[in-house]
Structures are given as C-alpha cells and as structure tokens.
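S.K.: Here you go, sequence then predicted model.
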Amino acid sequence: MKDRSGIQGVASNPVLVGAVTVLVILVAVFLAYNANNGLPFVSTYDLKAEVPNAQALVKGNEVRIGGARVGVIKSVVPIQRDNGDVAARLSLSLDKTAEPLPKDSTLIIRPKSPLGLKYVQLVPGSSDEGFEAGETIPLAAAKPEPVDIDEFFDVFDEKTRTAIRRNEAGFGNALAGRGPQLNEAFGSLRELAESAGAPLRNLVAPSTNFGGFFRALAAFNATIAPVAQTNGNLFVVLDRTFLAFARVSRPYIQETIEKGPETLDTAIEDLPAIDPFLESSERFFVALKPGTNALAETAPVLDAAQVAGIPVLRESPAFNAQLEPTADALLAFQEAPGVFNGLDLLIDTNETLNPAIRFIGPAQTTCNYLTLAFRNVQSAFSGNNGRSSWLRALSFQAPEGPNAESGFASAPASGGGEGENARKNYLHTNPYPNTAAPGQPQECEAGNERYKAGATVIGNVPGNQGTETSDQSSEQRKSGS
C-alpha cells in the first residue's frame, strides 16, 4: 500500500486548496470574458471588410458561414473613401477552417434577433483564388440586405401613425353615404372599358410613338433632378399656402365653388358677345405697341416735364385769373379803329422783310454771330477803375511797301518792300463772308478764315470752314444751328 500521507497533507491544507480554487475560477472567468473574441493562444485567419453601412454592428458580433459561427468582429471603424463617400471597415477574426476565403465571396449584414442584434454572413464564392490573411474584402462584395424588421417598424413613427389615422378618417368620411354613386361608377366602368378599346389601341400604335412619351418623360425628370431641392421647397411653401386656404375654406371657398357652375354658364353665354371686343382689343394693342416702345424712350422726358409742370399747374389758377382781363384788353384792341389797317401794314412789312430775314437769319441761328457781336461790344467796355469805364483798343503797325494798307494804294498789296515787310505786305480781305445763308455753302466763314501767308487773298477763302464758332453749345454744334 502506498503512502498517501503527502496527498492527505495537501488536501488538509486549507490555504493551498483555496488558492487553487481561486486560480481555477480566474481562468474560467478569463475564458468566458474572451469567448466572443476567440480562445487565447489559438491561431486565427484575420481579414478586413468594407461595407457601405455597419448597420448597428459592434465589436464581438458573430461571423457566420452557412449559419455556423466561424469568427467574430474585432473592431468597427468609419472610413472616408477617395470619392468622399463614408463607409465602415470591419476587422474579422475567423477560424482557420475558413482559410482561404474565395475572392468572389460576398457578405451580408443580417439580423440575429428582432431586438436589433446583427451578425455578418459570409457567402463563399467559387473562385480558385482566395484572400490572404490581412487582405481587405472590397466594398463591391457587400451586398445590400433586405429591410430589417426593426427598420420596417421604425417607419411607423408617431407622425406617420397620426397621418394614417387621419387618412383613414378622411377616406371613410369621403365614402360614407355614397354607396349609390359608387355603384353607378362601377356599373359605368364596363361601358368605359368597351368604349376605351379603340382609343387605347390607337394610343399604343407605333405611329403614336407612345414609348417616346416615356422617354421624353425620363429626359424631363433628368432635367429637373438638379433642382429637386428647389421643388421640395416649393411643396413646403405650397403647404403653407394651402394651410392659409384652409382657414378660409368654409364658408368662403366653399361658396365660391358652389357658385362656379352658374358662373361658367354665364361665361358660356357672354363669351361669344365678348369675343368681338377681344379681337378689337388685340388689334388695338398691336397698333399701340409702337407707341408703347416710343413711350419707353420718352418716359424720362415726360417725367422731367411732369416734375417741372406740377409747380406750374399750382400757379396756373392765378395766371388764369389774369387771362380774362388780358383777353378783354385784346378784344378791345381788336375792335379799336385802325388796328386791322395796322395789321395789314405789318403783314406787308413782314413780307417785304422776309427775304432779307431769311438771308440774314442763319448768321445767328447757325453761326451765332449776333450774340458774338453783343458779347464783343460788352467786352470792349468791360474794363473800369471803379469810377468809370473805358474802351478797349489794340493798335498795330501795318506793313510798309507798295500798295500797303498803311497808305494810299493803286492795287491790292502783293508783296514788295524791304526785309520783313516784303514777306508781310499782302492784302487779305473777305468783305462778304459766307454765313450759311440761302444759296451759300453751309459754313460760318467770318472769323474762321485760315491766313495764307505769302499770297494775296480777296473774297471767300478756299474750302469749307465748318459751322463752329465761339460760345456755341454742343447741341447747336450737332444740329448746325
């Protein structure tokens, strides 16, 4: 018989037994805590996978193949791809039995229970090539999953449930008490279907290009897709508009709708009588269009005239009050003896002076000579010493030589003499310059003649000197008056 004293000594030592028990419990707790991450000191097949949406996956969720657990998720981190899209990267710790995973494999995120727990399901492909440890399953391998039951239930939030109740109440109220009308409508559907056969066959005929309508509709939708946000805002604004209409729907809009048939009947009766008026209005506005275009150009002038005319109109009553005695005085003047005789003489005088005025008039209206003459006279007497004025004068010595202007002459000066006088001793005179008068060139020659040195010039100078003279406004220069 063996000596069991040593074993009995260990078992009888309570401290040693307690230490062993605590050690066993710690090992069991450690193994249980790390059960979701795999057993320690066991070789694993690690991969990474990209998915468009982690969909409530967390560290420790299972990875399954064919429903059997083959690994766990070690981490879930968000990433941003090169094109700016946001995705998630999963770190998978798989059993060695799953190595190698074929390159054409796919993965799906599926629900494990209705409470929201998820797992990753791997569907191995048939490729001969497999992922090496540490490689990443591409985003293209993440197939979209069906809508989960929890997401489906999330659709029916409080606002949606309230809207459904309101819709059911509204449809119920709309159909209540309308059984006979609905029966008539269903009874008429057969006639509609029989009558619609020919139009529908014509509608789908190749000649109608019914398919082109849908292609055009698709192109139209593609065109308005960039402004989808604007259209969405439009419906938001429409909601506010209809909300405002709802406040006045009863009785105002309701009464308007009730009176609509009578209004339409009246319009049907009256529109034929109004049609000639509309046609005349069309012709009127077509004829008015040139005047409207001209009004757009003259509007600033009319505005300025209106601004200037308002003060004048305010003073016009006082002016009109003075017109009556003035008119009486004119009437008395007209009835006075000798007035008509004087008017006849005045008419004769105007007819006599008219040719002369027409000839002399352009000297002022075109060349501004009369104004210049008064200006020069005023300027000649403008100098003074505070007590009296004096006449401005300029003296110069005429050149000397044969027939010079400084003495008697038998012919026009045409050079001669000594030194500098020989070069200057030439006569330049234009006693009848052109003043744009009828029969003359359109030029203001007086004061604009170019001096021709070394030659005798008598009469009109060659060339047209233009119509610009001193103190003319820009408008006068443009119009030549």
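M.R.: Sure, I can see it.
S.K.: Beyond the helix or strand that contains Ile224, next helix or strand please.
M.R.: Using DSSP states H and E, Ile224 sits in helix 210-224. Later in the chain than helix 210-224, the nearest helix or strand by DSSP H and E is helix 228-247.
S.K.: Name the next helix or strand downstream of the helix ranked longest in the chain, please.
M.R.: Counting by DSSP state H, the longest helix found in the chain is helix 260-335. For helix 260-335, the following helix or strand on the C-terminal side (DSSP H and E) is helix 339-360.
S.K.: Please name the residues that touch the closest residue to Pro124 other than its chain neighbours.
M.R.: In this structure, Pro124 finds its nearest non-sequential neighbour in Ser105, 4.9 Å apart by CB to CB, 6 or more residues apart in numbering. Backbone N, C-alpha and C define where each C-beta goes, glycine included. Each residue near Ser105 by CB atoms under 8 Å, 6 or more residues apart in numbering is listed here: Leu122, Val123, Pro124, Gly125, Ser127, Phe131, Ile137, Ala141.
S.K.: Could you pull up phi and psi at the third one?
M.R.: With angles defined as degrees, to the nearest 10, Pro124 shows backbone torsions of phi -60, psi 140.
S.K.: Can you tell me the SS state at Pro199?
M.R.: Here Pro199 is helix, with the state taken from DSSP: H, G, I helix; E, B strand; the rest coil.
S.K.: any low-confidence regions in the stretch 51-200 of the chain?
M.R.: Within the stretch 51-200 of the chain, the segments meeting pLDDT under 70 span 114-116, 144-153.
S.K.: Quick check: bridge partners of Ile108?
M.R.: Gln121 (DSSP bridges).
S.K.: quick one on the thing from earlier: just the buried residues from the contacts of Ser105, in ChimeraX please.
M.R.: In ChimeraX, a selection of the buried entries from the contacts of Ser105 looks like this (16 or more other CB atoms under 10 Å):
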select :122,131,137,141
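S.K.: from the contacts of Ser105, which single one is nearest Ala393?
M.R.: Nearest to Ala393 among the contacts of Ser105 is Ala141, at 112.6 Å by CB to CB.
S.K.: my guess is the closest one meets Leu101, correct?
M.R.: No - at 10.1 Å, Ala141 does not count as touching Leu101 under the criterion of CB atoms under 8 Å.
S.K.: quick revisit: show me which of the contacts of Ser105 is closest to Ile109.
M.R.: For the contacts of Ser105, the nearest to Ile109 is Leu122 (11.0 Å; CB to CB).
S.K.: ok, how many other residues are close to the closest residue to that closest one other than its chain neighbours?
M.R.: Leaving aside its chain neighbours, Leu122 sits nearest to Ile65 (4.9 Å; criterion: CB to CB, 6+ apart). By other CB atoms under 10 Å, the residues close to Ile65 number 20.
S.K.: residues touching Ile65, list them.
M.R.: Counting by CB under 8 Å, 6+ apart, Ile65 touches Ala98, Gln121, Leu122, Val123, Pro124.
S.K.: ok so, going back, what's the helix holding Ile224 in contact with?
M.R.: Contacts for helix 210-224 (CB under 8 Å, 6+ apart): Leu203, Val204, Asn231.
S.K.: and the residue nearest to Gly447 when sequence neighbours are not counted, how many neighbours does it have?
M.R.: Nearest non-adjacent residue to Gly447, counting by CB to CB, 6+ apart: Thr469, 6.6 Å away. Counted by other CB under 10 Å, the residues lying close to Thr469 total 19.
S.K.: Also Tyr369?
M.R.: Tyr369: 19 neighbours (other CB under 10 Å).
S.K.: rewinding a little: any idea whether the residue nearest to Gly447 is helix, strand or coil?
M.R.: From three-state DSSP, the assignment for Thr469 is coil.
S.K.: My read is that it contacts Asn448, right?
M.R.: Yes - judged on CB under 8 Å, Thr469 makes contact with Asn448 at a distance of 7.2 Å.
S.K.: on that earlier part again, pick out whichever of the contacts of helix 210-224 sits closest to Ile458.
M.R.: Within the contacts of helix 210-224, proximity to Ile458 (CB to CB) peaks at Asn231, which comes in at 88.2 Å.
S.K.: separation between the closest one and Ile224?
M.R.: 7 Å (CB to CB, to the nearest Å).
S.K.: How about Ser379?
M.R.: Using CB to CB, Ser379 is found at 77 Å from Ile224.
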